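In: Make a model of this:
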Amino acid sequence: MKLKGISERSVRRLQTAYTSCAVIYEFDSQQADLIASLQGPDKQVVLGGDGRCDSPGYSAKYGSYTLMDLNTNKILDIQLVQSNEVKGSTHMELEGLKRGLSLLIDTNHIEVSTLVTDRHVMIKKFMKDNHPEINHYFDVWHIAKGITQLTSY
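Out: You can find the predicted model right below:
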């Protein structure tokens, strides 16, 4: 067909110059509006949090931690943690939660009443020791998964 197209390098250069900037700007704008709507003395936020790594097992290099407002089903924050920032890849999920909670509670003065997470042991201890005022629950899927693993032995 002898159609001319742009190179992959040109596509990446254009994404870096325009698309990525626009996406980041729009996310930051919507995040600021959402956080502003949750601030106030009578607002209590119910959060859901979960981490995800770039590879399974104990050799992950990057981990992201997402906090979602469970009343509106909107993402409030995403934190990206690199394994060399913490003791090891198993600590990335906890570090992501710490950064996300710090942004919401300390920086933006949002009152978090409840946090729902998976059954991560370090998160359980962190919440008990550092945020006893926040009700910490495990999500139903992880509870059910734990029960079925016990019954399969």
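
In: burial of Asp42, as a residue count?
Out: Neighbourhood size, Asp42 [other CB atoms under 10 Å]: 5. (C-beta placed from N, C-alpha, C; glycine too.)

In: isn't there a helix covering it?
Out: No. The assignment for Asp42, made by DSSP: H, G, I helix; E, B strand; the rest coil, is coil rather than a helix.

In: Need the per-residue pLDDT for it.
Out: Looking at Asp42, its pLDDT is 86.

In: That one and Glu111: what is the separation?
Out: Asp42 sits 9 Å away from Glu111, taking CB to CB, to the nearest Å as the criterion.

In: try Glu93
Out: Distance from Glu93 to Glu111, counting by CB to CB: 24 Å.

In: which one of those two has more residues nearby?
Out: In this view Glu93 and Glu111 are compared by other CB under 10 Å, and Glu93 has more residues nearby, 26 against 16.

In: Quick check: which element contains that one?
Out: Following DSSP states H and E, one finds Glu93 within helix 92-101.

In: ok, the following helix or strand past that helix: who's next to it in the sheet?
Out: Downstream of helix 92-101, the next assigned helix or strand under DSSP H and E is strand 112-117. Sheet pairing of strand 112-117 (DSSP bridges) gives strand 45-53 (parallel), strand 135-138 (parallel).

In: Looking at the longest one now, give me its mean pLDDT.
Out: Put plainly, it is strand 45-53. 95.

In: Over to stretch 123-133?
Out: Averaging pLDDT along stretch 123-133 gives 96.

In: Extract the C-alpha trace of that stretch and format it as PDB.
Out: Provided in PDB are the C-alpha atoms of stretch 123-133 (Å, rounded to 0.1, in the frame of the first residue of the first chain):
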ATOM      1  CA  ILE A 123      -0.600  -3.500  57.100                       C
ATOM      2  CA  LYS A 124      -2.600  -5.100  59.900                       C
ATOM      3  CA  LYS A 125       0.200  -4.200  62.400                       C
ATOM      4  CA  PHE A 126       0.700  -0.700  61.000                       C
ATOM      5  CA  MET A 127      -3.000   0.100  61.300                       C
ATOM      6  CA  LYS A 128      -3.200  -1.300  64.800                       C
ATOM      7  CA  ASP A 129      -0.100   0.600  66.000                       C
ATOM      8  CA  ASN A 130      -0.400   3.900  64.100                       C
ATOM      9  CA  HIS A 131      -4.100   4.500  63.300                       C
ATOM     10  CA  PRO A 132      -6.200   2.800  66.000                       C
ATOM     11  CA  GLU A 133      -8.900   5.400  65.300                       C
END
